[in-house]
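Chemist: here is my input, please return the structure:
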Amino acid sequence: MIDRNLKSYQRLAKRTRLGAIVLFSVFVANVIAGKTVLVLGWGLATPLDGPPEFILLFFSVLLFNVHVLCLEQEQETN
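Modeler: I've put the predicted structure just below:
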């Protein structure tokens, strides 16, 4: 039973880490694209602006926290 729970936490930790990395990478790419648009003076709008950008950052932080909690639970069960 403990082995099954440990593997479950390991699997969840890997998935949440990957999700956090992907979401944070999209957030950073959006910030870089926005800065590029401002510096070069292009008339294009940034891909994500305002609330969607905040929601993207929020979910990346949330997934990172879930990842850390899974790692702590995994260490606690060992």
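Chemist: the helix or strand bottoming out on mean pLDDT in the chain packs against which elements?
Modeler: Least confident helix or strand, the chain: helix 2-40 with a mean of 88, by mean pLDDT, DSSP states H and E. Using 3 or more Cβ pairs under 8 Å, 6 or more residues apart in numbering; DSSP states H and E, the elements in contact with helix 2-40 are helix 51-77. Yep, even glycine has a C-beta here, placed from its N, CA and C like the rest.
Chemist: what residues sit buried inside the helix it packs on?
Modeler: 53, 56-57, 60, 63-64, 66-67, 70-71, 74 (16 or more other Cβ atoms under 10 Å).
Chemist: hang on, the earlier thing: buried stuff in the least confident helix or strand of the chain?
Modeler: So for helix 2-40, counting by 16+ other Cβ under 10 Å, buried means 9, 12-13, 16-17, 19-20, 23-24, 26-27, 30, 34.
Chemist: make JSON lines out of the buried residues of helix 51-77 and add pLDDT and distance to Ala45.
Modeler: Shown next, in JSON lines, are the buried residues of helix 51-77 (pLDDT from 0 to 100; distance: Cβ to Cβ, whole Å):
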{"residue": "Glu53", "pLDDT": "91", "distance to Ala45": "12"}
{"residue": "Leu56", "pLDDT": "93", "distance to Ala45": "16"}
{"residue": "Leu57", "pLDDT": "94", "distance to Ala45": "19"}
{"residue": "Ser60", "pLDDT": "96", "distance to Ala45": "22"}
{"residue": "Leu63", "pLDDT": "95", "distance to Ala45": "27"}
{"residue": "Phe64", "pLDDT": "96", "distance to Ala45": "28"}
{"residue": "Val66", "pLDDT": "95", "distance to Ala45": "32"}
{"residue": "His67", "pLDDT": "94", "distance to Ala45": "32"}
{"residue": "Cys70", "pLDDT": "91", "distance to Ala45": "37"}
{"residue": "Leu71", "pLDDT": "91", "distance to Ala45": "39"}
{"residue": "Glu74", "pLDDT": "84", "distance to Ala45": "43"}
